[in-house]
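Trainee: Sharing a model that was predicted from the sequence below.
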Amino acid sequence: MIPNSLRFRLLGAAAIVILVAVQVAGGLLLVLFERNVIRLVHTELDAGLAQLATFLSRDESGKPQVRVGTEDASFRQRYSGRYWQISADGEVLLRSSSLGSAVLEPASILEPKQAVWHQPLIGPDKQRLYGSLKRVVLEPALPGQQAASFLLVVAIDVAEIRALDALNGQLRGDVFAALAVLAAILIAAAWVQVLVGLRPLEVLRIGIEKVRVGSARRLSDEVPSELHPLVAETNRLLGAQEKAIERARARAGDLAHGLKTPLTVLGALARKLREEKKAEFADELEQQLKSLNQHIERELTRTRIAAGASVPRKTSVEPIVGRLFRTMEKLPRGDRIDWSLSCEPHISVPVEEADLAEVLGNLLDNARKWARSEVGITVKAMADSIELLIDDDGPGVPETDRVRVMSRGTRLDETVPGSGLGLDITKAVVEAYGGQMLLDSSVRGGLSVRLTLPPVDQQRAGD
């Protein structure tokens, strides 16, 4: 039997270790939160700066201009605390509507060697600001002009940053209160463990061994009553681990989605190389892109099907379609197509937002390649399903080829860019959510893709 003196020494040592570990963890959490607040501010400012640089160009007289309608609403509200400004040689050339007649003095700006730098600024009515700055050089718009350098500034009111600091102070109290409760629970658990002894832990060790080798998913509750709390907590940990694996699969799918746009851009570069009579480089680039795209699409299918057993969230259709239309207009031929949406108000589908964007994005991109001038989406709520109809005025697909065209890698026309994976991927994702996908003739004369999904309130078996 363990002496009482040893029990108290073990309990004291465990309590000290727990308290130190909890305090260190709390400090690290607060440091990480503060760092992420700063990173969040920098990320937001740099994103605004990058957007401003993207829409900046020069007119025929050589003066800078920003594409109309591209600025955020916060930059249009007077003295909103969000500002941007473009200057050259100490002269302010363009500014956001929120600045009014005020300026961010270029003379007060010190340029370090970094491409983008951050520093405090003074705004309207001596408003304290924190800004992100960058100098860009634009090529001449017409022959005979010279390249010009412009200073771009995007700033935010310091009061908004202080609001995040206030949140940090509230979090500090909550973190230490929660950690104090956690420390108390852990010390009590250590006391129970020391009092009861170590012999019953052998039963737990055997149960954990079964979980490790895969003969069991959870620890059995047929253990001494003293171990029931530990068994319950361990089983919760195993459940959390399974959820973490599901999240990792979903993130893998998000990564595949994020790579699609750069691959499309690289494909456009390959076509440009071919137009510039650099066929050898274009062939190699297109071959590597095709291989990479096939790998991404294959992994995307696996992650989406693996996540099919999870409960989908309710996703509104109209905002997703609006974003996709704007994206399609930036792709080749997209600005020459009339995109239309007929959707009942506030209609939603029981599909994850990323999955819905994947499905509709594939179908709209396919329609963009084949349509002559029109692509439309019709969304209707039926008695026991939700129907999405995507049709175009292209050449369509013969009835004899409609089953074959949805097979992996099948392409009816090799002259049109694509991997032949889009319809197969789309069909797999739709079916993973208990839906169906059918091809038919469009009233516009081209192809019609009909998606049938269960209603939002319908729960699948096992949910």
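Mentor: Received the coordinates, thanks. Numbers count the residues shown, from 1 in each chain.
Trainee: Touching, residue 447 and residue 369? I think so.
Mentor: No - in this structure, residue 447 is not within contact of residue 369 by CB atoms under 8 Å, at 10.9 Å. Where you see a C-beta, it was placed from the backbone N, CA and C, and this is true even at glycine.
Trainee: Compare those two and say which is more crowded by neighbours.
Mentor: Comparing residue 447 with residue 369 by other CB atoms under 10 Å, the one with more neighbours is residue 447, at 24 against 18.
Trainee: tell me the SS of the closest residue to the more buried one other than its chain neighbours?
Mentor: Taking CB to CB, 6 or more residues apart in numbering, and ignoring the residues beside it in sequence, residue 447 has residue 396 as its nearest neighbour in space, at 4.7 Å. Under DSSP: H, G, I helix; E, B strand; the rest coil, the three-state class of residue 396 is coil.
Trainee: can you count the residues close to the closest residue to residue 344 other than its chain neighbours?
Mentor: Using CB to CB, 6+ apart and skipping residues adjacent in sequence, the residue nearest residue 344 is residue 381, 5.8 Å away. Applying other CB under 10 Å, we find 16 residues neighbouring residue 381.
Trainee: Ok, residue 263 next?
Mentor: Counted with other CB under 10 Å, residue 263 comes out at 15.
Trainee: got it, and residue 365?
Mentor: 19.
Trainee: Does it touch residue 331 like I think?
Mentor: Yes - assessed by CB under 8 Å, residue 365 is found in contact with residue 331 at 7.3 Å.
Trainee: how close does residue 270 get to residue 262?
Mentor: According to CB to CB, to the nearest Å, residue 270 and residue 262 sit 13 Å apart.
Trainee: Mind checking which of these two has more residues around it?
Mentor: residue 270 (22 against 10).
Trainee: SS state for the more buried one?
Mentor: helix.
Trainee: One more: the one 4 residues further on?
Mentor: The three-state assignment at residue 274 reads helix, by three-state DSSP.
Trainee: any idea which element residue 285 lies in?
Mentor: For residue 285, the host element (DSSP states H and E) is helix 279-306.
Trainee: same question for that helix, mean pLDDT?
Mentor: Average pLDDT, helix 279-306: 70.
Trainee: sorry, back to before: for the residue nearest to residue 344, what are its contacts?
Mentor: 344, 347, 387, 455 (CB atoms under 8 Å, 6 or more residues apart in numbering).
Trainee: The first one contacts residue 378, correct?
Mentor: No - between residue 344 and residue 378 there is no contact under CB under 8 Å: 9.6 Å.
Trainee: Neighbour count for the two, which is higher?
Mentor: The neighbour count for residue 344 versus residue 378, taken as other CB under 10 Å, is higher for residue 378 (17 against 12).
Trainee: Backbone dihedrals for the more buried one, please?
Mentor: Main-chain dihedrals, residue 378, degrees, to the nearest 10: phi -120, psi 130.
Trainee: do residue 126 as well
Mentor: Backbone torsions of residue 126, given as degrees, to the nearest 10, read phi 60, psi 30.
Trainee: before we move on, what about the one 3 residues further on?
Mentor: Main-chain dihedrals, residue 129, degrees, to the nearest 10: phi -130, psi 160.
Trainee: Surely it and residue 159 touch.
Mentor: No - look at residue 129 against residue 159 with CB under 8 Å: they stay out of range, at 9.6 Å.
Trainee: And the next helix or strand past the strand or helix carrying residue 379?
Mentor: Assigned by DSSP H and E, residue 379 belongs to strand 374-381. Remark: after strand 374-381, the chain's next helix or strand is strand 386-392, criterion DSSP H and E.
Trainee: partner strands of that next one, parallel or antiparallel?
Mentor: Its sheet considered, strand 386-392 pairs with strand 374-381 (antiparallel), strand 447-453 (antiparallel) by DSSP bridges.
Trainee: Could I get the buried residue list for that strand?
Mentor: 386, 388, 389, 390, 391, 392 (16 or more other CB atoms under 10 Å).
Trainee: Leaving out chain neighbours, which residue sits closest to the first one?
Mentor: Counting by CB to CB, 6+ apart, residue 453 is the residue found nearest to residue 386 once chain neighbours are left out, at 4.8 Å.
Trainee: ok, that neighbour - contacts?
Mentor: Counting by CB under 8 Å, 6+ apart, residue 453 touches 349, 350, 351, 385, 386, 387, 388, 430, 433, 434, 435.
Trainee: picking up where we left off before, name the strands paired with the helix or strand just after the helix holding residue 285 and say parallel or antiparallel.
Mentor: Counting by DSSP H and E, the element after helix 279-306 in chain order, helix or strand, is strand 315-316. If you go by DSSP bridges, strand 315-316 pairs up with strand 348-349 (antiparallel).
Trainee: Report the mean per-residue pLDDT for the strand it pairs with.
Mentor: The model assigns strand 348-349 a mean pLDDT of 86.
Trainee: could we number from 54 for the rest of this?
Mentor: I'll keep to 54 as the first residue from here, and by that count the last item is strand 401-402.
Trainee: Show me what the next helix or strand after it packs onto, helices and strands only.
Mentor: Sequence order places helix 406-423 as the next helix or strand after strand 401-402, per DSSP H and E. Applying 3 or more CB pairs under 8 Å, 6 or more residues apart in numbering; DSSP states H and E, one finds that helix 406-423 contacts helix 281-328, helix 332-359, helix 370-382, strand 427-434, strand 439-445, helix 475-485, strand 500-506.
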